[in-house]
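# got a predicted model here, sequence first, then my questions.
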Amino acid sequence: MSALTSCPNPLLRGWRFASGAPGPNPYYRFMRRFFQVTMCALWKVRVFERRREPAGGGALYVCNHQSFLDPMLMSFALRRPMNYMARDSLFRAPGLRQIIRSLNAFPVRRGAADTGAIKEAMRRLKRGGQVVVFPEGTRTRDGTVGPFLPGVAILAQRAAEWTVPVLIDGAFEAWPRQQLLPSTGSVVVRYAEPISQADARRRNPVEFVAAVREVIVAMQADTRRRLGKPAFGG
């Protein structure tokens, strides 16, 4: 992976960002550090191209879904705080509901067209926040990147100034959905070049969603090739 970089966006050093984008509050910063320490103790985690985090403006992160820990994995190396679209069943558990809400999560009904969740994501993006979505709707069953739900296009074309495709690879081997607890392993998180809202609007919604998915699929193939891992299905 020597050709890839791991340095942050230079405009996002420290806690007061040059763009005027709001930084994380002390609680969010503490929890991010907690996840960095605990997950790096369990897994060998490498993060590449985090310099592509936009310095300001609403940013939509579109990520493949390999394990329960993907929300923390995809965001713990970023400087700006993240908002998480999480399945509604997680908000029914006492205690867990308060924790995930305090970390900027909001519910979405899985398997349904949840207009309320879309509107909430759009509101946070238009306020200049960063939102992560997992458009496969569920964790992968075989490590591959599944079909994407169409709501991604609405957020990218109407609300987000930037759309950033994100790859997580290795979490499936370490914690497949049929396994109760995670095992040790090696995980890579990798960010693609941000797509501006103007570029997103140049495609129709179906073409845009397909193009974003293809970026993530290509990153997965390239990452596994660099690491000497076999391609999924190959």
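Looks like it arrived, so ask away.
# stretch 27-43: how far from the chain's middle?
Averaging C-alpha positions (CA atoms, centre = their mean, to the nearest Å) puts stretch 27-43 16 Å from its chain's average.
# just the strands in this protein please.
Using DSSP state E, the strands of the chain run over 43-48, 59-63, 82-87, 105-108, 130-133, 162-169, 185-191, 195-196.
# to residue 16, which of those strands lies closest?
strand 130-133 (16.9 Å; CB to CB). Yep, even glycine has a C-beta here, placed from its N, CA and C like the rest.
# quick one: residues in contact with that closest one.
Applying CB atoms under 8 Å, 6 or more residues apart in numbering, the set of residues contacting strand 130-133 from outside is 54, 58-63, 71, 74-75, 78, 80-85, 121, 124-125, 151-152, 155, 160, 166.
# sheet partners, orientation included, of that strand?
According to DSSP bridges, strand 130-133 forms sheet pairs with strand 59-63 (parallel), strand 82-87 (parallel).
# buried stuff in the helix ranked longest in the chain?
The longest helix of the chain (DSSP state H) is helix 205-226. Of the residues in helix 205-226, 205, 208-209, 212-213, 215-217, 219-221, 223-224 count as buried by neighbour count, 16 or more other CB atoms under 10 Å.
# mind giving me JSON lines with the residues you listed and columns for pLDDT and distance to residue 49?
Formatted as JSON lines, these follow (pLDDT from 0 to 100; distance: CB to CB, whole Å):
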{"residue": "205", "pLDDT": "97", "distance to residue 49": "26"}
{"residue": "208", "pLDDT": "98", "distance to residue 49": "21"}
{"residue": "209", "pLDDT": "98", "distance to residue 49": "22"}
{"residue": "212", "pLDDT": "98", "distance to residue 49": "16"}
{"residue": "213", "pLDDT": "98", "distance to residue 49": "18"}
{"residue": "215", "pLDDT": "98", "distance to residue 49": "12"}
{"residue": "216", "pLDDT": "98", "distance to residue 49": "13"}
{"residue": "217", "pLDDT": "97", "distance to residue 49": "17"}
{"residue": "219", "pLDDT": "97", "distance to residue 49": "9"}
{"residue": "220", "pLDDT": "97", "distance to residue 49": "14"}
{"residue": "221", "pLDDT": "96", "distance to residue 49": "16"}
{"residue": "223", "pLDDT": "97", "distance to residue 49": "11"}
{"residue": "224", "pLDDT": "96", "distance to residue 49": "16"}
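# kindly reformat those residues as TSV containing distance to residue 104.
Listed next are those as TSV, based on distance: CB to CB, whole Å:
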residue	distance to residue 104
205	26
208	25
209	24
212	22
213	25
215	25
216	23
217	28
219	25
220	27
221	32
223	28
224	31
